[in-house]
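Participant: below are the sequence and a predicted model for it; my questions follow.
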Amino acid sequence: MAGQETHTTSDKTGKIRRVLLLYYSFSGQTTGLLNNLAIGLKQEGVEVNFVKLRPIAPLRFPIGSIFATFRMMLATFFRLRITIKEPEACVWEDYDLIILAGPTWSYNPSGPILDLFDRFGPRLFKNKSVLPMISCRGYWRMHWHGLKGLLTKSGAKIPNRIIFSHPAPEPWRTLGVFLKIAGKAPERSKLIGRYYKRYGHSRQQLLAAEKMGVTIGSCLKHNRSLADLDLCPDIALP
Ligand SMILES: Cc1cc2nc3c(=O)[nH]c(=O)nc-3n(C[C@H](O)[C@H](O)[C@H](O)COP(=O)(O)O)c2cc1C
């Protein structure tokens, strides 16, 4: 169901700003970031609609075995599509901004997002302002370039990008993510747990997402461009 916010404020012209948070999340990391981003947006009086993409055959996190995790990583490297249900009707309404969010899967956008582009891309995004948000372990560049290409082909305007990587150090981050997806608990392992404390984004990153929501909401309210904002707080950009 779309979560609709009721406490809204408007700019001087009386127009309420509306943002669609259109997303997929497999292990809850994108959901966590978006929940915080939405808190910030709402503080600025922005009306927020959440729409999560729902695969027809639901995916279970964790996957449950090392072998099945390898298989999924390989399939997603070849841009496996995961067929989604028709998105909720509110995606076709008018928004000042669409935030399209989801995880990196083997250097690509996730399967549900790829299916969204295949079936609804131009209809959803043509002439719309779309801000992509990526949640990843750490390797987001190919994902970003692919996503930018898909959005451009669909006719979207891309004002900026939001990128969050897991803060854990390498090589433990890669190993930890793989084991976590497979259904293990690397943070509790005697060997790995010393270096890998937790899966996913940190508390500080969630707070950064909330602040980002305030900043984006304020820009929308005052008709300011999003282009000059630093929305990738924890990475060195090229
Ligand atoms: C099949 C699969 C492949 C992944 N491949 C990558 C990758 O290539 N690069 C990366 O940085 N993270 C990769 N990850 C990690 C996720 O992007 C990361 O855990 C993200 O925070 C998950 O977000 P979510 O919980 O919203 O699904 C992969 C995860 C899965 C399940």
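Facilitator: Looks like it came in fine. In this text, all values refer to a predicted model and were calculated from it rather than measured experimentally.
Participant: centre-most residue in this protein?
Facilitator: residue 101 (2.5 Å; Cα atoms, centre = their mean).
Participant: can you pull the buried residues of the helix or strand harbouring it?
Facilitator: If you go by DSSP states H and E, residue 101 is part of strand 97-105. Under the neighbour-count criterion of 16 or more other Cβ atoms under 10 Å, strand 97-105 has 97-105 buried. C-beta: built from backbone N, CA, C; applies to glycine.
Participant: what's the answer for stretch 206-215, then?
Facilitator: 206, 208-210, 212-215.
Participant: cool, and stretch 27-40?
Facilitator: 27, 29-40.
Participant: quick one: distance of it to the chain centre.
Facilitator: 8 Å (Cα atoms, centre = their mean, to the nearest Å).
Participant: need the contact partners of it.
Facilitator: 5, 21, 23-25, 48, 50, 52, 61-62, 99, 101-103, 133, 135, 164, 180-181, 199-201, 205-207, 209-217 (Cβ atoms under 8 Å, 6 or more residues apart in numbering).
Participant: ok, which of these also contact the ligand?
Facilitator: Within the set of the contacts of stretch 27-40, contact with the ligand (Cβ under 6 Å from any ligand atom) is found for 25, 103, 135, 181, 200.
Participant: top of these by neighbour count?
Facilitator: The residue in those with the most neighbours, by other Cβ atoms under 10 Å, is residue 135 (30 neighbours).
Participant: which SSE is that residue in?
Facilitator: strand 130-136.
Participant: for the following helix or strand past that strand, give me every contacting residue.
Facilitator: Next helix or strand after strand 130-136 toward the C-terminus (DSSP H and E): helix 141-153. Residues from elsewhere that reach helix 141-153, judged by Cβ under 8 Å, 6+ apart: 100, 104, 107-109, 113, 117, 121-122, 125, 130, 132, 134, 136, 158, 161, 163, 238.
Participant: buried residues of stretch 103-118, list them for me.
Facilitator: 103-117.
Participant: so how far is that stretch off the chain centroid?
Facilitator: 11 Å.
Participant: okay, now that stretch: how far is its last residue from its first?
Facilitator: End-to-end distance of stretch 103-118 (Cα to Cα, to the nearest Å): 18 Å.
Participant: quick check: mean pLDDT of it?
Facilitator: Average pLDDT, stretch 103-118: 98.
Participant: contacts for that stretch?
Facilitator: 22, 24-27, 29-30, 53-55, 73-74, 76-77, 79-84, 87, 100, 102, 124, 134-137, 139-140, 142-143, 146-147, 150, 154.
Participant: next: stretch 174-194.
Facilitator: 27, 61-66, 68-69, 72-73, 137-138, 166, 168, 172, 196-199.
Participant: how about that stretch: buried residues?
Facilitator: 175-182, 184, 186-187, 192.
Participant: and the chain, which residues reach the ligand?
Facilitator: Near the ligand, when you scan the chain using Cβ under 6 Å from any ligand atom, you find 25-30, 72-73, 76, 103-107, 135-140, 177, 181, 200.
Participant: longest helix of the chain, counting residues only.
Facilitator: helix 203-221 (DSSP state H).
Participant: send me that one as PDB with only the CA atoms.
Facilitator: C-alpha atoms of helix 203-221 as PDB (Å, rounded to 0.1, in the frame of the first residue of the first chain):
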ATOM      1  CA  ARG A 203      23.100   4.600  12.300                       C
ATOM      2  CA  GLN A 204      25.100   7.700  11.100                       C
ATOM      3  CA  GLN A 205      24.100   7.000   7.500                       C
ATOM      4  CA  LEU A 206      20.500   6.700   8.500                       C
ATOM      5  CA  LEU A 207      20.700  10.100  10.200                       C
ATOM      6  CA  ALA A 208      22.500  11.500   7.100                       C
ATOM      7  CA  ALA A 209      19.600  10.200   5.000                       C
ATOM      8  CA  GLU A 210      17.100  12.100   7.300                       C
ATOM      9  CA  LYS A 211      19.200  15.300   6.900                       C
ATOM     10  CA  MET A 212      19.200  14.800   3.200                       C
ATOM     11  CA  GLY A 213      15.400  14.500   3.200                       C
ATOM     12  CA  VAL A 214      15.200  17.900   4.900                       C
ATOM     13  CA  THR A 215      17.600  19.500   2.400                       C
ATOM     14  CA  ILE A 216      15.800  18.000  -0.600                       C
ATOM     15  CA  GLY A 217      12.400  19.000   0.900                       C
ATOM     16  CA  SER A 218      13.600  22.600   1.400                       C
ATOM     17  CA  CYS A 219      15.000  22.800  -2.200                       C
ATOM     18  CA  LEU A 220      11.600  21.600  -3.500                       C
ATOM     19  CA  LYS A 221       9.700  24.000  -1.400                       C
END
